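K.L.:
Provided below are the primary sequence and the corresponding predicted coordinates.
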Amino acid sequence: MRLQVTTGLDPDQLDELVTRVRERLGGGFVSRGRPYALSLFNSVAMVVALLRQNIVQEVAAEIFGVSQSTVSRRWDQLRDLIGQVLEEFVPTPKEVLGRSTVLNDGTLVPTWDWKHRDDLYSGKRHDTGFNLQVAATLAGALAAVGKPVPGARHDAYAWEASGMADQLAEHDKLGDLGYVGCGMLTGTKKPAGGELTENQKEVNKALSSIRSANERAIAHLKNWKILGTRYRGPLDKLDSVVQTVTALAFFSVFY
């Protein structure tokens, strides 16, 4: 089976990931009865594919020739572990940025409209989900990802609540007008009942052009489609999913 497109990892990266998972599990994946329906290698590949493609578990079961219950067990067993064994590949923002200015923006991880939650609808994005704060270099490389915050919260709130304000406290920051008052360079809002000067318009345009690099970083992160298309899992597991995807995103670049 060709897995590079399915998982987003090349063969060497997938082999390294499986080796790290095997070492962490020790004897925890050794069958003492009938052979497992799915090997450790294919189990890891399947879980990464679920993160990369956001396919439903029934489809993954058909692709890998196992039952849906096996997919569910492997998903719960390996999802967080994959992030843990790749932690060393997640750099600090300073390691990525040096002394450079950081770009920051929020994006929506769409979810179902859960009836027991009234804090997921984003009026800005006209959908339900979680606000994910993403920081990037001026060249568009991923620098940091915050903890998901309910989508009803605006970017200025999410900037603090996600932990990004603390992570990036020592860096100069550039954001859009949603971050006014957050200690970032943001451009100028149009005054109520007034107009911006031509100079202010030109500055806003220039800043917007620079910030577009962050959109590339977000697009690359959302190639892991569990963050880019509708997340279907339990909401209390989204934080760990984000951590694992972040680790995989850095691993795919730095290994």
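P.N.:
Alright, I've got the coordinates.
K.L.:
helix or strand for residue 202, which one?
P.N.:
Residue 202 belongs to helix 198-221 when assigned by DSSP states H and E.
K.L.:
quick one, what contacts the residue nearest to residue 55 when sequence neighbours are not counted?
P.N.:
With sequence-adjacent residues excluded and distances taken as CB to CB, 6 or more residues apart in numbering, residue 55 is closest to residue 49, at 7.0 Å. In this view, the C-beta of every residue, glycine as well, is placed from N, C-alpha and C. Neighbour list for residue 49: 3, 6, 7, 55, 60, 63 [criterion: CB atoms under 8 Å, 6 or more residues apart in numbering].
K.L.:
which ones are touching the fifth one?
P.N.:
In this structure, residue 60 makes contact with 46, 49, 50, 71, judged by CB under 8 Å, 6+ apart.
K.L.:
and which of those residues is nearest to residue 167?
P.N.:
residue 50 (27.6 Å; CB to CB).
K.L.:
my guess is that closest one meets residue 75, correct?
P.N.:
Yes - with contact defined as CB atoms under 8 Å, residue 50 counts as touching residue 75 (6.3 Å).
K.L.:
the nearest residue to residue 215 once chain neighbours are set aside: helix or strand, and which one exactly?
P.N.:
Using CB to CB, 6+ apart and skipping the chain neighbours, the partner closest in space to residue 215 is residue 105 (7.3 Å). Taking DSSP H and E as the criterion, residue 105 maps to strand 102-110.
K.L.:
and the angle from that strand to helix 198-221?
P.N.:
If you take axes from the mean of the first three to the mean of the last three CA atoms, to 10 degrees, strand 102-110 sits at 60 degrees to helix 198-221.
K.L.:
which elements pack onto strand 102-110?
P.N.:
strand 127-136, helix 155-161, strand 173-174, helix 198-221 (3 or more CB pairs under 8 Å, 6 or more residues apart in numbering; DSSP states H and E).
K.L.:
I'd like the next helix or strand past it.
P.N.:
Following strand 102-110 in sequence, per DSSP H and E, is strand 121-122.
K.L.:
and that following strand, how far out from the chain's middle?
P.N.:
19 Å (CA atoms, centre = their mean, to the nearest Å).
K.L.:
among the contacts of residue 49, which two are most distant?
P.N.:
Pairwise distances across the contacts of residue 49 peak at 13.4 Å for 3 and 55 (criterion: CB to CB).
K.L.:
what comes up buried for stretch 240-248?
P.N.:
Under the neighbour-count criterion of 16 or more other CB atoms under 10 Å, stretch 240-248 has 241, 242, 243, 244, 245, 246, 247, 248 buried.
K.L.:
re the thing from before, give me the common contacts of residue 50 and residue 75.
P.N.:
Residues touching both residue 50 and residue 75 (CB under 8 Å, 6+ apart): residue 57.
K.L.:
these two: who's more crowded?
P.N.:
More crowded of residue 50 and residue 75, by other CB atoms under 10 Å: residue 50, with 25 against 18.
K.L.:
show me what contacts the more buried one?
P.N.:
Contacts of residue 50 by CB under 8 Å, 6+ apart are 57, 60, 71, 75, 226.
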